[in-house]
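[1] Quick one: sequence plus predicted model below, questions after.
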Amino acid sequence: MRGKHQGWRLIAGAVTAGLIAVGLLPVTAHAAAEEVNLALGKSAKAGGAHGAYPAGNVTDGSQQSYWEGPAGAFPQWVQVDLGGDVRADRVALKLPTGWEARNQTLSVQGSTDGSVFSTLAASGSRTFDPAGANTVSIGFTAATVRFVRVQVSSNSGWNAAQLSELEVYGEGDEGPGDPPTNGSNLARNKPIEATSTTQTYVAANANDDSLTSYWESSGFPSGLTVKLGANADVEAVVVKLNPDQAWGPRTQAIQVLGREQSATGFTSLKARADYTFSPAAGKNTVTIPVTGRYADIRLTFFSNSGGTGAQVAEFQVVGAAAPNPDLTVTDLTWAPSAPSETDTVKVNTTLRNAGSAPAAATTVNVSLEGAVAGSAPVAALAAGAS
């Protein structure tokens, strides 16, 4: 955690690590069920970034990863490319749930071409508070934009601009050949694995948002599985090959399977069938409608008329984040406040379910240097309850 109080940071970091260890902090976006985060999985860039905290973290669906600007350099900006014009009217900005409160002075800007930006929300001080899930919602007059930028000019909690999620809400229009407008591509840059690969055509090529790279298996049957991080309401799977004419027509036999986050095995969502890919018709893209709530989606391939192994340039999962619990630490104290090595330390913490679904009873652990030093039961909590 990057904050200004060293002692608080140590204990809060330990508790947060314990919460993650028992699965209380799901790594997914928690958009309201009736809204779609148009920025989820989309391309992002920044005016600058510090080390291992790149711009892509603001659209990866995880509130625990984050973008950070260069130290001591203000203002700094980060932006998302929505892939096409949309009518946007709100953004939700997030920081990691376990961080202490801070204010960032920032503005929201929009553009249709990525060059000329207009102000959507004027610069002002915005408070990120763990009691409110470290989330700031900013509404503005609906505007047609493709690029949404947040520019940060100060941060009371750290000497750099910081955001973990930049969510955009409104009415999407992603154009022909892209996923349906009532869902986002949830698979982009998520963990992905394959049962086999050929040469350098690895599984990660299948959800890197590039049609020029691809995954290829070493034979049949072969599987490609993407892990969304938590349940999502899935409405379609999109499988793409490079639309270049060099990738001529071919037919691949595919089965679609899904696993709900509490299940141990996969369920068939779409039985094995032959799907035709053609660069002339459909841009070498196949859309397979599926419905249900799943955390993992798997494609199983049985044949390919165009090669000796399965081939996928992009594996997209279209849908929206499902309601999920999100237990966050909103208050943390310990006594004595400055313990010696021989003191017994009593830790008191308040947990809030900042998610959109009830949280089952569980256990919270306090860990020091990776070892669990104490634990306590946590009763079931309704959404919004503490």
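    Received, thanks.

[2] Point to the residue nearest the middle of this structure.
    Per CA atoms, centre = their mean, the C-alpha nearest to the average position across the chain is that of residue 61, at 1.2 Å.

[3] wait, it sits on residue 324?
    No - using CB atoms under 8 Å, residue 61 is not in contact with residue 324, being 11.3 Å away. (Glycine included, C-beta is placed from N, CA and C.)

[4] before we move on, the earlier item: any idea whether the residue nearest to the centre of the chain is helix, strand or coil?
    coil (DSSP: H, G, I helix; E, B strand; the rest coil).

[5] So, low pLDDT: which residues of the protein?
    The chain contains residues with pLDDT under 70 at 1-35, 172-182.

[6] Report back the residue of it that's furthest from centre.
    Furthest out from the centre of the chain (CA atoms, centre = their mean) sits residue 342, at 42.5 Å.

[7] List phi and psi for that residue.
    Main-chain torsions, residue 342, degrees, to the nearest 10: phi -100, psi -10.

[8] Also residue 368?
    phi -120, psi 120.

[9] Could you count how many residues lie near it?
    Neighbour count of residue 368, defined by other CB atoms under 10 Å: 13.

[10] Residue 274 now?
    By the measure other CB under 10 Å, the count of residues near residue 274 is 11.

[11] same deal with residue 39?
    Neighbours of residue 39 (other CB under 10 Å): 29.

[12] Domain map for the protein?
    If you go by automatic domain parsing, the domain ranges for the chain are 1-26+330-386, 34-171, 184-321.

[13] residue ranges for the helices of the stretch 151-300 of the chain, please.
    Using DSSP state H, counting those that start in this stretch, the stretch 151-300 of the chain contains no helices.

[14] From residue 58, how far out is the closest residue to residue 154 other than its chain neighbours?
    Once flanking residues are discounted, residue 154 sits nearest to residue 105: 4.3 Å by CB to CB, 6 or more residues apart in numbering. Separation of residue 105 from residue 58 (CB to CB, to the nearest Å): 18 Å.

[15] Give me the more crowded residue out of the two.
    Legend: neighbour count by other CB under 10 Å for residue 105 and residue 58, higher for residue 58 (27 against 17).

[16] Nearest residue to that one in space, please, no chain neighbours.
    Per CB to CB, 6+ apart, closest to residue 58 is residue 166, 4.2 Å.

[17] swap in residue 358?
    Taking CB to CB, 6+ apart, and ignoring the residues beside it in sequence, residue 358 has residue 382 as its nearest neighbour in space, at 5.3 Å.

[18] I figured the one you found hits residue 353, correct?
    Yes - assessed by CB under 8 Å, residue 382 is found in contact with residue 353 at 6.8 Å.

[19] higher neighbour count, these two?
    Higher neighbour count among residue 382 and residue 353: residue 353, with 22 against 11, using other CB under 10 Å.

[20] Quick check: beta-bridge partners of the more buried one?
    Note on residue 353: beta-bridge partners by DSSP bridges are residue 327.

[21] Tell me how far residue 247 lies from residue 212.
    To residue 212, residue 247 is 10 Å away according to CB to CB.

[22] more crowded one of the two?
    More crowded of residue 247 and residue 212, by other CB under 10 Å: residue 247, with 18 against 9.

[23] quick one: contacts for the closest residue to that one other than its chain neighbours?
    Computed as CB to CB, 6+ apart, the closest residue to residue 247 that is not its neighbour in sequence is residue 241, at 5.2 Å. With contact set as CB atoms under 8 Å, 6 or more residues apart in numbering, residue 241 has these partners: 211, 214, 247, 250, 277, 279, 284-285, 311-313.
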